[in-house]
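Asker: Got a predicted structure plus its sequence, pasted below:
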Amino acid sequence: MTQEDVSGLTILGGQAQPSKKLEAFPNRAPDRFYLVSLHTSEFTCLCPKTGQPDFATIHVDYVPDQKVIESKSFKLYLWSYRNEGAFHEHVVNQILDDLQKVLDAHWIRVTGEFNIRGGIGIKVEAEHTRTPAARLQWMQRAADAAAASGQE
C-alpha cells in the first residue's frame with residue numbers, strides 16, 4: 001500500500017462515529033476476478049412501525065473492479081442504521097445501492113439474515129451485475145476453479 005493508495009481515506013485512523021460515508025481504496029489487481037467477502041453479525045436497525053430493534057447478520061460478496069471498500073468506513077456505515085427505522089427488504093437494497101455507487105463492482109450481492117421476530121425469520125438477498133457477460137465470466141471462472149480443486 002502506498003501513501004497515494006490511502007491519501008483519500010479520511011475515516012481510517014479517525015474517531016469512530018456512525019456515518020453514511022463509504023470509502024474505497026484502489027484495487028491493485030483490477031485485471032483479476034476475485035471475490036471479497038465481508039460479514040457482521042452485529043447489524044441493527046429499528047422496525048419503522050414499532051421502533052423495536054431488529055438484529056441481523058449482513059453478508060457482502062463482491063468482485064471488485066477499480067476499487068475495494070475500506071472496512072472501517074463500512075463498519076461505521078452499518079452502524080449508522082442502528083437508530084434508523086427500515087424494513088428489512090429496503091435496508092438490504094439500500095446497502096447494495098450505496099456500495100455499488102462507491103465501488104462500481106463487476107458483481108455484488110448483499111444478504112441480510114434477520115433474527116426471528118414474531119415467529120418469522122427473514123432473509124433478503126439483493127444482487128447487482130454490471131453486465132450479464134461479466135457475471136457469466138465470473139461464474140465460469142468460479143466453476144473452473146472449483147473443478148480444479150475438486151470442490152464441484
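Answerer: The structure has been received and is ready for your questions.

Asker: any chance you could map the strands in this structure?
Answerer: Under the criterion DSSP state E, the chain carries strands at the ranges 24-26, 36-46, 53-63, 67-69, 107-117, 120-129.

Asker: would you turn those strands into TSV with mean neighbour count, mean pLDDT and distance to residue 78?
Answerer: C-beta: built from backbone N, CA, C; applies to glycine. Converted to TSV, the strands of the chain look like this (neighbours: other Cβ atoms under 10 Å; pLDDT from 0 to 100; distance: least, Cβ to Cβ, whole Å):
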stretch	mean neighbour count	mean pLDDT	distance to residue 78
strand 24-26	18	97	15
strand 36-46	15	97	6
strand 53-63	19	97	7
strand 67-69	19	98	11
strand 107-117	19	96	11
strand 120-129	14	95	15
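
Asker: Let me know which of those strands is the nearest to residue 77.
Answerer: With respect to residue 77, and counting by Cβ to Cβ, the nearest of those is strand 67-69 at 9.1 Å.

Asker: any residues touching that closest one, and which ones?
Answerer: Outside strand 67-69, the residues within contact range by Cβ atoms under 8 Å, 6 or more residues apart in numbering are 22-27, 36, 38, 60, 62, 99, 102-104.

Asker: For residue 150, state which of those residues is nearest.
Answerer: Taking the contacts of strand 67-69 together and measuring to residue 150 by Cβ to Cβ, the closest member is residue 36, at 23.9 Å.

Asker: Check whether the closest one really touches residue 65, as I assumed.
Answerer: No - in terms of Cβ atoms under 8 Å, residue 36 does not count as a neighbour of residue 65; the distance is 11.4 Å.

Asker: Kind regards, and thank you for your time.
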